[in-house]
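**Student:** Sequence plus predicted model, see below.
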Amino acid sequence: MLQLCEVTKALLISNARSACSDDLIQQGAVTLCINVSQRQPFPSASAVKRLRIPVFDRPGEDLYGHFDRCADAIREEAGRGGRSLVYCKNGRSRSAAICVAYLIKHRQMTMKDALQKVKTARQVIDPNPGFLSQLQRYEQELKKT
């Protein structure tokens, strides 16, 4: 089933097949697509801004280094009245970790609460153990500032 899942009014998550449905992009009023994959395509809608985060879904991949950039891009888009869609191949691990990072940084949520919020929006999410430990590190770093 093709669908975009709403995490917040300004943040959606999905898999690549749903993200490439121009109808869903239009219905969801998506203005920014964050594609967290090496190979998955972007939707063809030309009005949509694009940001590619070229990582594989492997515990050893460095997603941490992209958390700030993605979280800030989502916040900036929301500030302009836009909506961001974060997706990866299956909409389970990479995209979920990026959504959680945004919630930790800009919604001041704990990692546990942020994971629960994303899981409520999209029940299949399951960030790999490496991404979970990177999110824990991110949460700790943000608490220090």
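**Tutor:** It's in. Here the structure is a predicted model, which means the values were calculated and not measured.
**Student:** tell me the strands in this protein, going along the chain?
**Tutor:** Remark: strands assigned in the chain by DSSP state E are 5-8, 11-15, 32-35, 49-52, 84-88.
**Student:** Can you tell me which of these is packed in deepest?
**Tutor:** Mean neighbour count (mean count of other CB atoms under 10 Å) peaks for strand 84-88 among the strands of the chain, with a mean of 28. The way it works is simple: take the backbone N, C-alpha and C, and place the C-beta from them, glycine included.
**Student:** now it, how far from the chain's geometric center?
**Tutor:** Put simply, strand 84-88 sits 5 Å off its chain's centre (CA atoms, centre = their mean, to the nearest Å).
**Student:** what's in contact with it?
**Tutor:** If you take CB atoms under 8 Å, 6 or more residues apart in numbering as the criterion, strand 84-88 is touched by 4, 10-16, 18-19, 25, 28, 30-37, 40, 57, 70, 73-74, 77-78, 94-95, 98-99.
**Student:** which residues of the protein fall in helices?
**Tutor:** 16-19, 22-27, 64-79, 94-106, 111-121, 129-144 (DSSP state H).
**Student:** What is the least confident helix or strand in the chain?
**Tutor:** helix 22-27 (a mean of 95; mean pLDDT, DSSP states H and E).
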